[in-house]
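Participant: Build me a model:
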Amino acid sequence: MLRRAGPSLRHFLLERKSGAGYSSYSGEAKMSRPVQARRLEGIDKNIWVELVKLAATYSTVNLGQGFPDFPPPDFLTEAAVRALSGENHMLHQYTRAFVRGQTPSSAIPPHSPVFQAAGLEDALHAQSPFQGLIHDLGGFCNPVPTPPLTPQGHPPLVKVLAQFFGKLLGRDLDPMTNVMVTVGAYQALFYCFQAFVDEGDEVIIIEPFFDCYEPMVKMAGGLPVFVPLRPKAPKDGKLMSSADWQLDPAELASKFSEQTKAIVLNSPNNPLGKVFSRGELELIADLCVKHDVLCISDEVYEWLVYDGKEHVRIASLRGMWDRTVIIGSAGKTFSATGWKVGWTVGPNRLLQHVRTVHQNSVYHCATIAQDAVAQGFQRELELYGKPESYFIQLPTELQKKRDWLVQSLDAVGMKPIVPEGTYFLVADISQFKSDVPDVPDSDEPYDSRFAKWMVKNKGLATIPLSSFYCRAHKNNYSHFIRFCFAKEDATLKAANDILQKWKQEKTSP
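Facilitator: Down below sits the predicted model:
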């Protein structure tokens, strides 16, 4: 390695240190200029940080955060063990990229002797002048056209995802152009906003919404435009369902303008558990086509649908494939949220820009986790529609847990909104206001104060529904809290014991 001749940095610093009145170790030389980028203004505070800390400190039962406390299926953990301890030691290295125009199996692996001999392995993982040489070497070893390398994901995983979602969408998907693996669905969302949203672009967000949508849009320079699902009282005294929360067609249409770049759709919806009907999706699709708008479709709970409801993929509707990016999650699909494996599915005209963000940021996702997820999907592809499928067994089990928690909450006077899907249900806490009196003119929504009081005084952690609304609308929906029922039966029983004891305390003289 060549080094420029001249005095060393250490020599330079020692000379400066010896200068009059100067010390390189002075603690007084602090920066006075602002260091925070403008894109972070107003998004630094997050109620989740406070609620998670409270749950860890006070909670005996945590039904707040959306993760299962039961294990993933055996076939998935066994696949992870095989990947971790098997003979293929390259699964411990960077995920092998492959070349557009080739099938995954025909790509030259990064550990190819050609690249080792040339000392160019690292150049595979960066945009650099060496890539032209790499492409020439690739063509020499494998005489196939070799456009730039792209970090789509572990070849077995993108291949099975293309097969699986191609079957669901009724179209042939190319694993190299129509699929990309990300570090969880969260990262896929961030990539989409960075890839598609420019300064001043408007992005429609349906409320209540997964809380990261708003700050991610703002970080990209976009302007969030909110439209709420409005509840309609059920008839005959029945419990309210998430299906009773609906968009007003005229109100939704009024949110589209020349500045609208995209709409974010989350079905099944977190936190409400709403599964959008085909008619509702057709309404959204027609407006997207009319106004030439993109759809970012967050479908991480796609397999968690109850009561025989159908999860309709908006990309399958007329005119929507070419303008939709589907986002999925292995964490929610296989009950392994800590693995952080997600993906995007969509047309190459959209995903090529998502790939650009990926290759210039994270670039790589854990190979072993991808390999295990690939094996899980291969199993589910073979068992698709059969009783042994985890995609059938998991929602069946979760529906039982949902029904049990609905009954428990209803019995103590918290009126549950019965969800059609997801891990979550929302309950009305209006009858408990005597325990936590309202504070007039408070800036903090009532449900937020209620949730904090409940975890401190009752040991039960939940999430206030107002967390899923923009600032202007938080107080309009501040008498609900969200429960997660994707828990062991023992956890749900412990929550029920807390609620029953609380009820007795309220009714005792």
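Participant: Is residue 377 in a helix, a strand, or coil?
Facilitator: helix (DSSP: H, G, I helix; E, B strand; the rest coil).
Participant: That one contacts residue 157, doesn't it?
Facilitator: Yes - if you go by Cβ atoms under 8 Å, residue 377 and residue 157 touch, sitting 7.3 Å apart. All C-beta atoms are positioned from the backbone trio N, CA, C, and that covers glycine.
Participant: and these two? which has more neighbours close in?
Facilitator: Comparing residue 377 with residue 157 by other Cβ atoms under 10 Å, the one with more neighbours is residue 157, at 30 against 22.
Participant: Chain neighbours aside, what residue packs nearest to that one?
Facilitator: Spatial nearest neighbour of residue 157, chain neighbours left out: residue 374 (3.9 Å); criterion: Cβ to Cβ, 6 or more residues apart in numbering.
Participant: so the one you found sits right up against residue 154, yeah?
Facilitator: Yes - counting by Cβ under 8 Å, residue 374 does reach residue 154; the two are 6.4 Å apart.
Participant: quick one: which of those two has more around it?
Facilitator: Counted by other Cβ under 10 Å, residue 374 and residue 154 do not tie: residue 154 has more neighbours, with 28 against 24.
Participant: Per-residue confidence, that one, what does it come out as?
Facilitator: Note on residue 154: pLDDT of 93.
Participant: What separation do you get for it and residue 382?
Facilitator: According to Cβ to Cβ, to the nearest Å, residue 154 and residue 382 sit 19 Å apart.
Participant: what ranges do the strands span in the stretch 301-450 of the chain?
Facilitator: Listed in chain order, the strands of the stretch 301-450 of the chain (DSSP state E, counting those that start in this stretch) span 324-329, 342-345, 415-417, 424-428.
Participant: Would you tell me which of those gets closest to residue 397?
Facilitator: Each of the strands of the stretch 301-450 of the chain has some distance to residue 397 by Cβ to Cβ; the shortest is strand 424-428, at 15.5 Å.
Participant: which of the residues in that closest one are buried?
Facilitator: Residues of strand 424-428 classed as buried: 424-428 (neighbour count, 16 or more other Cβ atoms under 10 Å).
Participant: Check which helix or strand the closest residue to residue 294 other than its chain neighbours maps to.
Facilitator: Nearest-residue entry for residue 294: residue 262, 4.0 Å, with adjacent residues in sequence omitted and distances by Cβ to Cβ, 6+ apart. Secondary structure from DSSP states H and E places residue 262 in strand 260-266.
Participant: hang on, residue 488 packs against residue 69?
Facilitator: Yes - with contact defined as Cβ under 8 Å, residue 488 reaches residue 69; the gap is 5.4 Å.
Participant: which residues are in contact with both of the two?
Facilitator: Common contact partners of residue 488 and residue 69 (Cβ atoms under 8 Å, 6 or more residues apart in numbering): none.
Participant: Just flag the most distant two among the buried residues of strand 424-428.
Facilitator: It's 424 and 428 that sit farthest apart of these, by Cβ to Cβ, at 14.5 Å.
Participant: give the contact list for residue 306.
Facilitator: If a contact means Cβ under 8 Å, 6+ apart, then residue 306 has 395, 398-399, 402, 419-421 as its contacts.
Participant: All good on my end, thank you.
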